[in-house]
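Asker: need coordinates for the below:
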Amino acid sequence: MLPSGLGSVALCDIAIYDSDYARGLVGMLPLRNQKTAPTEREKLQASYVNGLAIGVGVVAGVGPLVNAAVTGTLGFAIPMISLAGFGISYYLHRTATKFLKVTEDDR
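Answerer: All right, here's what the predicted structure looks like:
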């Protein structure tokens with residue numbers, strides 16, 4: 001019989017040596033599941049790139065147009081800067097989509 005303070009330690013030792021039980025524990029823990037970890041990592045990367053794309057679209061795409069509307073000066077460069085900002089934003093969104101398509105193709 002084990003002392004009362006050592007019950008959990010002995011249970012952990014049993015789980016380490018019993019391979020069937022250890023495999024069952026790994027399947028119950030979502031962070032240790034090796035099949036979904038790369039998928040979640042790629043989803044996080046895609047989310048980050050999408051966040052960057054939204055930021056670039058707002059700052060570089062909409063920002064110059066709002067500035068031109070407030071100040072009343074719309075030159076040739078302002079729409080070109082805005083188009084470039086929207087283009088970079090679109091490119092970043094497409095890159096994030098490719099992250100997710102690679103994830104779906106790997107399954």
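
Asker: check contacts around the nearest residue to F86 once chain neighbours are set aside.
Answerer: Spatial nearest neighbour of F86, excluding adjacent residues (C-beta to C-beta, 6 or more residues apart in numbering): G61 at 4.2 Å. C-beta here means a position set from N, CA and C on the backbone, and glycine is covered the same way. By C-beta atoms under 8 Å, 6 or more residues apart in numbering, G61 lies in contact with 82-83, 85-86, 89.

Asker: can I see the domain layout of the protein?
Answerer: Annotated domains of the chain cover 1-33, 35-106 [automatic domain parsing].

Asker: which of those domains has the lowest average pLDDT?
Answerer: In terms of mean pLDDT, the lowest-scoring of the domains of the chain is domain 1-33 (a mean of 48).

Asker: and for L52, the neighbour number?
Answerer: Neighbourhood size, L52 [other C-beta atoms under 10 Å]: 16.

Asker: for it, which non-adjacent residue is spatially closest?
Answerer: In this structure, L52 finds its nearest non-sequential neighbour in L92, 5.6 Å apart by C-beta to C-beta, 6+ apart.

Asker: next: I54.
Answerer: Using C-beta to C-beta, 6+ apart, the nearest residue to I54 is S89, at 7.3 Å.

Asker: and the helix or strand that contains the one you found, what does it pack onto?
Answerer: Taking DSSP states H and E as the definition, one finds S89 inside helix 77-106. Where contact means 3 or more C-beta pairs under 8 Å, 6 or more residues apart in numbering; DSSP states H and E, helix 77-106 is packed against helix 37-56, helix 63-71.

Asker: most tightly packed of these?
Answerer: Mean neighbours per residue, mean count of other C-beta atoms under 10 Å, is largest over these for helix 37-56, with a mean of 15.

Asker: by contact count, what packs against it?
Answerer: Checking 3+ C-beta pairs under 8 Å, 6+ apart, helix 37-56 ends up next to helix 77-106.

Asker: tell me what angle the helix it packs on forms with helix 63-71.
Answerer: Interaxial angle of helix 77-106 relative to helix 63-71 (axes from the mean of the first three to the mean of the last three C-alpha atoms, to 10 degrees): 150 degrees.
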